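>>> show me the folded form of this:
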Amino acid sequence: MRRFILIAASLVAAIPATAQQATPATYIHAGQLLDRPGEAPRGNATVIVRDGKVAEVRDGFVPPPAGATLVDLRDKFVLPGLVDMHVHLWGIGGDPQRERLTALNRDDADDMVEAIANMRRTLAAGFTTVRDLGGDPRGIRALRDAEARGDIEGPAIVNAGQMISVTGGHGDGSNGLAEEWADAVHRHQVNTCDGPDDCRRAVRAQVGLGAQVIKFAATGGVLSNVSGGLGRAMTPEEMRAIIDTAHGLGRRVAAHSHAADGTRAALEAGVDTIDHGTFLDDEAIRLLKAKGAYLVPTMIAPVTALAQARGGQLPPATIPKAEAAAAAAADSHARAIRAGVKVAFGTDTGVSKHGDNAREFALMVRAGMTPAQAIRAATLVAAEALARDDIGALAPGKTADLIAVAGSPLEDVTRLERVEWVMHRGRQAPARLSPPR
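Purely as a prediction, here's the structure:
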């Protein structure tokens, strides 16, 4: 065996270096290139991609060598693939009436098929990485791994499994069900917990199911039928047990949080991201800055939920919560932006329709961000919030995730709603799909 290994090694060494590095490259000619969001874009530039990574970024239109592929985007604005920090890929998204009408005759297999279509729409819209914050734990884990293998088209997934919740909280799936159904659902839930020790168990259960990040419900939620409004749902001790356990297992933690009391408690306990942050007071904003946590504002979610509630697509109990959340969110987020809180892009897509994620950018600009800041929130800042140094910018060694639009989104951020070309992991993605029915 040792002799065989030595022979094989000598044969490899005898191959010329040029032959060993002969992987065909892709040369992308960009009319404008925002290689590092937050800095000024380049003019004419060439991005050279090899083996799914950015190999070089060069000024001017560099002629490709023989055997290389040329992608001509000389009339386009090219930038890194976008990151959405808050999506729900599993099942039907953005159509609560259809979801409710099919609930009793829809199996996991149906939801898996819907999720695959949602992934394709998300990728075609320019989002090459997403953090999935709630869906079937085994199903999302399977989709994550299938995409990583290249078996299905979609964004890279960082998955949370199920949201951890106290009994009767926003993540308790038995809420609002008749007694016989509520008892059946509750017996099979591993994500509900009461008390610090039980909440430690719930975190370990989600990690055991493949969760790469942990999400918990610090407060009630708009779309849950019974949840005690939007106030704080967990004790500080329960939050601390969740966060300490998750961090000990190498997982970052996201807190679903509306009420300021829940947000403050989650920040004091060491949470990494506050998702929604609908009712922020001065102390919550101070803590966001002092703790270095990220706000994921999901601005499109309360706007969408309010429209759905007023249109009769949601249960009556959600209407006052949707009204209150929509009224408060814009002011809270604007004050956080003015204060210099770190904002990472997220949409809560699944409330809104998959593929419409980029509509969030206009809302962020309306709340006080510049287009450049909003784009940075969906690239470099989101990458930092995920503790990922391989995405968010275009530089040698980073993953070859690129998108192209017609015209500069630094001048009109809504141009990101019409992504014309996508490359993910060095592969060109399909054309944009129409939105779901």
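
>>> C-alpha from now on. contacts and neighbour counts both.
OK.

>>> what residues sit buried inside stretch 247-259?
247, 251-259 (16 or more other C-alpha atoms under 10 Å).

>>> tell me which stretches of the stretch 151-300 of the chain form helices.
Here the stretch 151-300 of the chain has its helices, by DSSP state H, counting those that start in this stretch, at 179-188, 196-208, 236-248, 260-268, 282-291, 300-310.

>>> please work out which of those helices is packed deepest.
helix 260-268 (a mean of 25; mean count of other C-alpha atoms under 10 Å).

>>> show me what it is packed against.
helix 236-248, strand 252-257, helix 282-291 (3 or more C-alpha pairs under 8 Å, 6 or more residues apart in numbering; DSSP states H and E).

>>> to Pro24, which of the ones you listed lies closest?
Nearest to Pro24 among the helices and strands packed on helix 260-268 is strand 252-257; the distance by C-alpha to C-alpha comes to 37.3 Å.

>>> roughly how far out does that closest one sit from the chain middle?
13 Å (C-alpha atoms, centre = their mean, to the nearest Å).

>>> also stretch 118-134?
7 Å.

>>> walk me through the domains of this protein.
2-80+397-428, 82-385 (automatic domain parsing).

>>> for the protein, what helix or strand is lowest in average pLDDT?
Among the helical and strand segments of the chain, the one scoring lowest on mean pLDDT, DSSP states H and E is helix 17-20, with a mean of 44.

>>> give the rounded mean pLDDT of the helix or strand just after that helix.
Downstream of helix 17-20, the first helix or strand assigned by DSSP states H and E is strand 26-33. Taken as a whole, strand 26-33 has an average pLDDT of 98.

>>> what's in contact with strand 26-33?
41-50, 61-62, 64, 68-79 (C-alpha atoms under 8 Å, 6 or more residues apart in numbering).

>>> repeat that for 6 Å
Identification of contacts with strand 26-33 by C-alpha atoms under 6 Å, 6 or more residues apart in numbering yields 41-49, 61, 68-79.

>>> quick check: PyMOL command selecting the buried ones in those residues.
The buried subset of the contacts of strand 26-33, as determined by 16+ other C-alpha under 10 Å, is captured in PyMOL by this line:
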select buried, resi 41+42+44+45+46+47+48+49+61+68+73+74+76+77+78+79
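
>>> looking at the helices and strands packed on helix 260-268, spot the one closest to Leu133.
strand 252-257 (8.4 Å).

>>> given the closest one, what are its sheet partners and their directions?
strand 213-217 (parallel), strand 273-276 (parallel) (DSSP bridges).

>>> show me the beta-bridge partners of Thr273.
Where Thr273 sits in a bridge, its partners, by DSSP bridges, are Ala254, Tyr294.

>>> okay, now it: neighbour count?
For Thr273, the number of neighbouring residues by other C-alpha atoms under 10 Å comes to 30.

>>> isn't it right next to Arg252, touching?
No: between Thr273 and Arg252 there is no contact under C-alpha atoms under 6 Å: 8.4 Å.

>>> what does the helix ranked longest in the chain rub up against?
In the chain, with assignment by DSSP state H, the single longest helix is helix 318-339. Applying C-alpha under 6 Å, 6+ apart, the external contacts of helix 318-339 come out as 222-223, 278-280, 302-303, 306, 309, 367-368.

>>> surely Arg58 is within a strand?
Yes: judged by DSSP: H, G, I helix; E, B strand; the rest coil, Arg58 forms part of a strand.

>>> what's near enough to touch it?
45-46.

>>> ok, now how distant is it from His276?
39 Å (C-alpha to C-alpha, to the nearest Å).

>>> near Ala334, how many other residues are there?
Neighbours of Ala334 (other C-alpha under 10 Å): 16.

>>> so where's the longest strand in this protein?
strand 69-80 (DSSP state E).

>>> look up how far Met119 lies from Val113.
From Val113 to Met119 the distance is 10 Å (C-alpha to C-alpha).

>>> more neighbours: those two, which one.
Counted by other C-alpha under 10 Å, Val113 and Met119 do not tie: Met119 has more neighbours, with 28 against 14.

>>> tell me the contacts of that one?
Contacts of Met119 (C-alpha under 6 Å, 6+ apart): Gly154.

>>> same thing with Val296?
274-275, 343-346.

>>> gap between it and Leu249?
Counting by C-alpha to C-alpha - Val296 and Leu249 are separated by 23 Å.

>>> equivalent analysis for Ser257, please.
For Ser257 relative to Leu249 (C-alpha to C-alpha), the value is 23 Å.

>>> please apply the same query to Val203.
Distance from Val203 to Leu249, by C-alpha to C-alpha: 9 Å.

>>> out of the strands paired with strand 252-257, the one nearest Met423 is which?
Nearest to Met423, of the strands paired with strand 252-257 and by C-alpha to C-alpha, is strand 213-217 at 25.5 Å.

>>> buried set for stretch 355-368?
Quick answer for stretch 355-368 (16+ other C-alpha under 10 Å): 355-365, 367-368.

>>> of those, closest to Asp198?
Asn357 (35.4 Å).

>>> hmm, back to that, CSV for the buried residues of stretch 355-368, including pLDDT and distance to Lys289?
Output for the buried residues of stretch 355-368, formatted as CSV (pLDDT from 0 to 100; distance: C-alpha to C-alpha, whole Å):
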residue, pLDDT, distance to Lys289
Gly355, 96, 31
Asp356, 96, 30
Asn357, 97, 26
Ala358, 98, 26
Arg359, 97, 26
Glu360, 98, 23
Phe361, 98, 22
Ala362, 98, 24
Leu363, 96, 22
Met364, 97, 19
Val365, 98, 20
Ala367, 96, 18
Gly368, 97, 17
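
>>> mind putting these into CSV with distance to Ile157 and secondary structure?
CSV is the format used below for the buried residues of stretch 355-368 (distance: C-alpha to C-alpha, whole Å; DSSP: H, G, I helix; E, B strand; the rest coil):
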residue, distance to Ile157, secondary structure
Gly355, 15, coil
Asp356, 18, coil
Asn357, 15, coil
Ala358, 18, coil
Arg359, 21, helix
Glu360, 20, helix
Phe361, 21, helix
Ala362, 24, helix
Leu363, 24, helix
Met364, 23, helix
Val365, 26, helix
Ala367, 28, coil
Gly368, 29, coil
